[in-house]
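>>> Just the structure for this:
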Amino acid sequence: MAEHQTPNLVVVGSNPPWPVKWRNAMKKIKEFFNEVVAEMKKVVWPKKNVLWVSTWMVIFVAIFFGVVLGLFDRLFAYLFRLIY
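A predicted model of the protein is given here:
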């Protein structure tokens, strides 16, 4: 009888072993964070005064549109109650 042999599953040129994959992944992660730091250094951050004015403007506009939409909601609810 012929002896049964398990086929060799290692294929030349296949995926590298896990330590190599791990090293490559860590290099990519390190490169990513280095690029993030480099880009963050390029950012021109707003002055404190500009930041406060912008923040209050956003808050004011949000409240204003909330009130306007609330008034329209009340108006349409009242009109629909009159009609139906």
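
>>> Check what pLDDT the spatially most central residue of the chain gets.
The centroid of the chain falls nearest to V36 when counting by C-alpha atoms, centre = their mean (14.2 Å). If you check V36, the pLDDT there is 96.

>>> just the helices in this protein please.
18-42, 48-83 (DSSP state H).

>>> rank those by mean pLDDT and give me the bottom one.
Taking the mean pLDDT of each of the helices of the chain, the lowest value is held by helix 18-42, a mean of 91.

>>> what's the domain layout of the chain?
Residue ranges for the structural domains of the chain, counted by automatic domain parsing, are given in the record as 16-44, 46-84.

>>> Just the CA atoms of stretch 43-60, as PDB, please.
The C-alpha trace of stretch 43-60 is given here as PDB (Å, rounded to 0.1, in the frame of the first residue of the first chain):
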ATOM      1  CA  VAL A  43      -2.800  74.000  11.500                       C
ATOM      2  CA  VAL A  44      -3.400  77.700  12.100                       C
ATOM      3  CA  TRP A  45      -5.500  77.700  15.300                       C
ATOM      4  CA  PRO A  46      -7.900  80.600  15.800                       C
ATOM      5  CA  LYS A  47      -7.300  83.300  18.400                       C
ATOM      6  CA  LYS A  48      -9.200  83.000  21.700                       C
ATOM      7  CA  ASN A  49     -11.400  86.000  20.800                       C
ATOM      8  CA  VAL A  50     -12.400  84.600  17.400                       C
ATOM      9  CA  LEU A  51     -13.200  81.200  19.000                       C
ATOM     10  CA  TRP A  52     -15.500  82.800  21.600                       C
ATOM     11  CA  VAL A  53     -17.300  84.900  19.000                       C
ATOM     12  CA  SER A  54     -17.800  81.900  16.700                       C
ATOM     13  CA  THR A  55     -19.000  79.800  19.600                       C
ATOM     14  CA  TRP A  56     -21.600  82.300  20.800                       C
ATOM     15  CA  MET A  57     -22.700  82.900  17.200                       C
ATOM     16  CA  VAL A  58     -23.400  79.100  16.800                       C
ATOM     17  CA  ILE A  59     -25.300  79.000  20.100                       C
ATOM     18  CA  PHE A  60     -27.400  82.100  19.200                       C
END
